[in-house]
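# okay, structure incoming, though there's no sequence with it:
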């Protein structure tokens, strides 16, 4: 069952817009298979003011991925060089590869008053919160554990061994939901997208990670 999202009294209405004279950074993370990438793509199409922050990664491109659009694909050596020079806002090792967000790119976008979106994992989100506490962090959850596995298998790009590892890692990722400002349950795609838009438009308090029944929902989701 989807946890309650009744809006608290006296909060900013979901349709209001953030101050366009200042940049805003939105950080979106999720366990693998929660549908985050599809939601982010649709969110970018619905909200033209959002700019996608392109991360750096050492993993190989997947089919149809384009360097500079989906990721900046770099070698392990170049990534480590950039890390040593302090050029990343955040970085993490995920599934034997490294990912990182360029600090200069983020600073430039925020100074220009842009609405910037980072699609990263919980490790990176934790680093962003430390350096940019004003960032708004959002965690995406699947509706059930079964749905999580079905979405991973539907990709048809990973072996069964990789899928099983991703399921184990996803269960661990779920334990970090309390570190985020908002939690969205992706049970129905269009509704989850509307929830995300509400947050981007300056509202979304009804999706706060502190809502009482969310802990029970996540506990049931994480149960084997």
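Looks like it arrived, so ask away. Keep in mind that what you see is a predicted model, and the values were worked out from it rather than measured. Numbers count the residues shown, from 1 in each chain.

# residue 139 belongs to a strand, doesn't it?
Yes - remark: residue 139 belongs to a strand, assigned using DSSP: H, G, I helix; E, B strand; the rest coil.

# what residues of the longest helix belonging to the chain count as buried?
The longest helix of the chain (DSSP state H) is helix 160-173. For helix 160-173, a neighbour-count test (16 or more other CB atoms under 10 Å) marks 163, 166, 167, 170, 171, 173 as buried. Glycine gets a C-beta too; all of them are placed from N, C-alpha and C.

# and residue 13, what pLDDT?
With respect to pLDDT, residue 13 has a value of 36.

# if you could redo that for residue 56, that was the one I meant.
95.

# that one contacts residue 75, correct?
No - using CB atoms under 8 Å, residue 56 is not in contact with residue 75, being 10.5 Å away.

# pick out whichever of those two has more residues nearby.
Using other CB atoms under 10 Å as the criterion, residue 56 and residue 75 rank with residue 56 on top: 21 against 9.

# in the sheet, who's paired with the more buried one?
Residues in a beta bridge with residue 56, per DSSP bridges, are residue 72, residue 100.

# tell me how many other residues crowd the nearest residue to residue 22 once chain neighbours are set aside.
Of all residues not flanking residue 22 in the chain, residue 113 sits nearest, at 6.1 Å (CB to CB, 6 or more residues apart in numbering). Neighbourhood size, residue 113 [other CB under 10 Å]: 13.

# do you know how far residue 113 is from residue 48?
15 Å (CB to CB, to the nearest Å).

# also residue 40?
Where residue 48 is concerned, residue 40 sits at a distance of 15 Å (CB to CB).

# next one: residue 29
Distance, residue 29 to residue 48, by CB to CB: 23 Å.

# these two: who's more crowded?
Applying other CB under 10 Å to residue 29 and residue 48 shows that residue 29 carries more neighbours, namely 25 against 8.

# which strands or helices does the lowest-mean-pLDDT helix or strand in the chain pack on?
Ranked by mean pLDDT, DSSP states H and E, the weakest helix or strand in the chain is helix 145-154, scoring a mean of 73. Judged by 3 or more CB pairs under 8 Å, 6 or more residues apart in numbering; DSSP states H and E, the packing partners of helix 145-154 are helix 160-173.
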